[in-house]
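Peer 1: One predicted model, sequence on top.
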Amino acid sequence: SANHVFARQNRAVIGEAIAQPSLPDVDSTCRVAPPHSVVARLADFEPVRYDGHTPNRFDAAIAELTADATCATLPAYYGLPASDPVDPIPGAAIEKVGRTTELTRGTIKAIDVKVKITFPAGTALFTGQILTSKAFGDFGDSGALVVTSDGEFHPVGIVIGGGANGTAIASPIGPILERFGAPGCGR
(Lines give C-alpha, C1' and ligand atoms only; values in the text may rest on other atoms or scores of the structure.)
Protein backbone atom coordinates (compact mmCIF):
# COMPACT_ATOMS: atom_id res chain seq x y z
CA SER A 1 0.00 0.00 0.00
CA ALA A 2 1.00 3.64 0.26
CA ASN A 3 3.24 5.01 3.02
CA HIS A 4 0.59 7.59 3.88
CA VAL A 5 -1.91 4.74 4.40
CA PHE A 6 0.12 2.05 6.20
CA ALA A 7 2.95 4.11 7.70
CA ARG A 8 0.91 7.23 8.53
CA GLN A 9 3.25 9.60 6.66
CA ASN A 10 6.47 8.28 8.24
CA ARG A 11 5.02 8.28 11.79
CA ALA A 12 4.27 4.56 12.19
CA VAL A 13 6.55 2.04 13.86
CA ILE A 14 7.47 -1.29 12.37
CA GLY A 15 5.11 -3.94 13.72
CA GLU A 16 2.15 -1.55 14.01
CA ALA A 17 -1.26 -3.14 13.36
CA ILE A 18 -2.87 -2.84 9.93
CA ALA A 19 -6.66 -3.11 10.13
CA GLN A 20 -9.28 -3.97 7.55
CA PRO A 21 -11.52 -2.00 7.38
CA SER A 22 -8.97 0.76 7.96
CA LEU A 23 -8.68 2.36 11.38
CA PRO A 24 -10.37 5.66 10.40
CA ASP A 25 -13.30 3.61 9.08
CA VAL A 26 -13.79 1.65 12.32
CA ASP A 27 -12.69 4.20 14.96
CA SER A 28 -13.02 7.90 14.20
CA THR A 29 -10.46 8.67 16.92
CA CYS A 30 -7.96 6.36 15.17
CA ARG A 31 -6.78 5.05 18.52
CA VAL A 32 -7.13 1.28 18.61
CA ALA A 33 -7.91 -1.30 15.95
CA PRO A 34 -10.40 -3.91 17.17
CA PRO A 35 -8.50 -7.23 17.42
CA HIS A 36 -10.78 -8.93 14.89
CA SER A 37 -9.93 -6.29 12.27
CA VAL A 38 -6.11 -6.68 12.42
CA VAL A 39 -4.99 -8.44 9.22
CA ALA A 40 -1.30 -7.50 9.08
CA ARG A 41 1.62 -5.75 10.77
CA LEU A 42 3.70 -2.99 9.17
CA ALA A 43 6.93 -4.59 7.95
CA ASP A 44 8.71 -1.68 6.20
CA PHE A 45 8.12 1.63 4.44
CA GLU A 46 10.00 4.00 2.19
CA PRO A 47 10.17 7.38 3.94
CA VAL A 48 8.54 10.21 2.00
CA ARG A 49 10.15 13.65 2.11
CA TYR A 50 7.48 16.30 2.63
CA ASP A 51 9.63 19.36 1.91
CA GLY A 52 8.12 20.14 -1.50
CA HIS A 53 11.38 19.92 -3.45
CA THR A 54 13.24 16.65 -2.72
CA PRO A 55 12.11 14.10 -5.33
CA ASN A 56 10.37 10.93 -4.09
CA ARG A 57 10.24 7.89 -6.38
CA PHE A 58 7.15 6.42 -4.74
CA ASP A 59 4.82 6.44 -1.75
CA ALA A 60 4.86 2.85 -0.46
CA ALA A 61 4.82 0.58 2.55
CA ILE A 62 4.59 -3.17 2.99
CA ALA A 63 2.93 -5.29 5.65
CA GLU A 64 3.19 -8.91 6.74
CA LEU A 65 -0.15 -10.70 6.87
CA THR A 66 -1.28 -12.01 10.25
CA ALA A 67 -4.62 -13.37 9.09
CA ASP A 68 -5.66 -15.84 6.45
CA ALA A 69 -5.88 -13.40 3.57
CA THR A 70 -5.29 -13.21 -0.14
CA CYS A 71 -4.32 -10.50 -2.59
CA ALA A 72 -7.40 -11.31 -4.68
CA THR A 73 -10.22 -8.83 -5.03
CA LEU A 74 -13.76 -9.98 -4.39
CA PRO A 75 -15.13 -12.31 -7.11
CA ALA A 76 -17.39 -9.51 -8.40
CA TYR A 77 -14.25 -7.62 -9.45
CA TYR A 78 -11.18 -9.00 -11.25
CA GLY A 79 -10.18 -11.66 -8.71
CA LEU A 80 -6.51 -12.59 -8.49
CA PRO A 81 -4.00 -10.34 -10.29
CA ALA A 82 -1.14 -11.77 -12.33
CA SER A 83 2.08 -12.17 -10.33
CA ASP A 84 4.32 -10.52 -12.93
CA PRO A 85 4.17 -6.71 -13.08
CA VAL A 86 4.45 -4.71 -16.30
CA ASP A 87 5.80 -1.26 -17.05
CA PRO A 88 3.20 1.46 -17.62
CA ILE A 89 2.50 2.32 -21.26
CA PRO A 90 0.65 5.49 -22.32
CA GLY A 91 -2.81 4.61 -23.65
CA ALA A 92 -2.93 1.22 -21.92
CA ALA A 93 -6.28 0.16 -20.47
CA ILE A 94 -6.15 -0.16 -16.67
CA GLU A 95 -8.44 -0.82 -13.71
CA LYS A 96 -8.36 -0.80 -9.93
CA VAL A 97 -10.53 -1.60 -6.94
CA GLY A 98 -10.41 1.24 -4.42
CA ARG A 99 -11.94 1.76 -1.01
CA THR A 100 -14.01 4.73 -2.15
CA THR A 101 -14.79 4.23 -5.83
CA GLU A 102 -14.56 0.42 -5.93
CA LEU A 103 -13.97 -0.92 -9.47
CA THR A 104 -13.08 1.72 -12.04
CA ARG A 105 -11.56 1.42 -15.48
CA GLY A 106 -9.56 3.97 -17.43
CA THR A 107 -6.34 4.50 -19.34
CA ILE A 108 -2.81 5.62 -18.66
CA LYS A 109 -2.66 9.21 -19.87
CA ALA A 110 1.02 9.88 -19.14
CA ILE A 111 4.10 8.28 -17.59
CA ASP A 112 7.20 9.79 -15.99
CA VAL A 113 4.98 12.49 -14.48
CA LYS A 114 6.38 14.99 -11.99
CA VAL A 115 3.76 16.07 -9.45
CA LYS A 116 3.44 17.69 -6.03
CA ILE A 117 0.88 16.20 -3.65
CA THR A 118 -0.10 17.94 -0.43
CA PHE A 119 -0.63 15.76 2.65
CA PRO A 120 -1.23 16.76 6.28
CA ALA A 121 2.54 16.21 6.85
CA GLY A 122 3.47 18.63 4.04
CA THR A 123 3.91 18.72 0.29
CA ALA A 124 5.76 15.87 -1.40
CA LEU A 125 7.33 16.02 -4.85
CA PHE A 126 7.03 12.75 -6.79
CA THR A 127 8.85 11.98 -10.04
CA GLY A 128 8.38 9.11 -12.49
CA GLN A 129 4.67 8.71 -11.70
CA ILE A 130 1.69 7.51 -13.74
CA LEU A 131 -1.27 9.79 -14.57
CA THR A 132 -4.63 8.13 -15.30
CA SER A 133 -7.70 9.25 -17.17
CA LYS A 134 -10.55 11.08 -15.41
CA ALA A 135 -13.04 9.34 -13.08
CA PHE A 136 -10.49 6.69 -12.08
CA GLY A 137 -10.09 7.43 -8.37
CA ASP A 138 -11.07 9.56 -5.41
CA PHE A 139 -9.98 10.38 -1.86
CA GLY A 140 -9.66 7.10 0.04
CA ASP A 141 -8.48 5.01 -2.92
CA SER A 142 -4.80 5.41 -2.02
CA GLY A 143 -2.93 2.13 -2.00
CA ALA A 144 -5.25 0.50 -4.54
CA LEU A 145 -3.41 -1.77 -6.96
CA VAL A 146 -3.63 -0.60 -10.58
CA VAL A 147 -3.68 -3.52 -13.03
CA THR A 148 -3.92 -3.92 -16.78
CA SER A 149 -7.50 -4.21 -18.03
CA ASP A 150 -6.74 -6.89 -20.60
CA GLY A 151 -8.03 -10.02 -18.87
CA GLU A 152 -4.55 -10.74 -17.48
CA PHE A 153 -4.56 -8.08 -14.72
CA HIS A 154 -0.80 -7.45 -14.56
CA PRO A 155 0.15 -5.05 -11.73
CA VAL A 156 1.17 -1.60 -13.01
CA GLY A 157 1.22 0.64 -9.91
CA ILE A 158 -0.49 1.79 -6.73
CA VAL A 159 -2.69 4.86 -6.36
CA ILE A 160 -1.10 7.60 -4.21
CA GLY A 161 -3.22 10.65 -4.99
CA GLY A 162 -5.30 12.39 -7.58
CA GLY A 163 -7.14 15.39 -8.88
CA ALA A 164 -10.61 16.86 -8.42
CA ASN A 165 -11.73 15.40 -11.76
CA GLY A 166 -10.96 11.83 -10.65
CA THR A 167 -7.59 11.48 -12.34
CA ALA A 168 -5.25 9.40 -10.22
CA ILE A 169 -1.53 9.52 -9.65
CA ALA A 170 0.02 6.09 -9.26
CA SER A 171 3.53 5.04 -8.32
CA PRO A 172 4.86 2.36 -10.71
CA ILE A 173 4.88 -1.06 -9.01
CA GLY A 174 8.25 -2.31 -10.37
CA PRO A 175 10.48 -0.03 -8.26
CA ILE A 176 8.28 -0.67 -5.20
CA LEU A 177 8.60 -4.46 -5.44
CA GLU A 178 12.35 -4.08 -6.02
CA ARG A 179 12.78 -1.79 -3.00
CA PHE A 180 11.02 -4.22 -0.66
CA GLY A 181 12.40 -7.38 -2.28
CA ALA A 182 8.83 -8.55 -2.62
CA PRO A 183 7.46 -10.87 -5.27
CA GLY A 184 4.26 -9.98 -7.05
CA CYS A 185 1.20 -11.46 -5.41
CA GLY A 186 -1.04 -13.38 -7.74
CA ARG A 187 -1.44 -16.25 -10.13
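Peer 2: Done, it's in. The model shown is predicted, which means the values in this text are computed figures rather than measured ones.

Peer 1: in the chain, which spans are helices?
Peer 2: Assigned by DSSP state H, the chain shows helices spanning 3-6, 23-26, 173-180.

Peer 1: how about the ones you listed, which one is nearest L65?
Peer 2: Evaluated over the helices of the chain, closeness to L65 peaks at helix 3-6, with 12.6 Å, by C-beta to C-beta. For glycine as for every other residue, the C-beta is placed from the backbone atoms N, C-alpha and C.

Peer 1: So for that closest one, what gets flagged as buried?
Peer 2: Neighbour-count burial for helix 3-6, counted by 16 or more other C-beta atoms under 10 Å, picks out 3-6.

Peer 1: Looking at those, spot the one nearest A121.
Peer 2: Looking across these and measuring by C-beta to C-beta, the closest to A121 is H4, at 7.8 Å.

Peer 1: which secondary element of this protein has the worst mean pLDDT?
Peer 2: For the chain, using mean pLDDT, DSSP states H and E, the weakest element among its helices and strands is helix 23-26, scoring a mean of 58.

Peer 1: sorry, back to before: farthest pair within the buried residues of helix 3-6?
Peer 2: Farthest pair in the buried residues of helix 3-6, by C-beta to C-beta: H4 and F6, 8.2 Å.

Peer 1: V146 is in contact with H154, isn't it?
Peer 2: No. With contact defined as C-beta atoms under 8 Å, V146 does not reach H154; the gap is 10.0 Å.

Peer 1: who has more neighbours, the two?
Peer 2: Taking neighbours as other C-beta atoms under 10 Å, V146 and H154 compare with V146 leading, 31 against 21.

Peer 1: Quick one, grab the pLDDT at that one.
Peer 2: pLDDT for V146: 97.

Peer 1: Now do the contacts for it.
Peer 2: Contact analysis of V146 by C-beta atoms under 8 Å, 6 or more residues apart in numbering lists 94-96, 130, 132, 155-159, 168, 170, 173.

Peer 1: try it again with 7 Å
Peer 2: 94, 96, 156-159, 170 (C-beta atoms under 7 Å, 6 or more residues apart in numbering).
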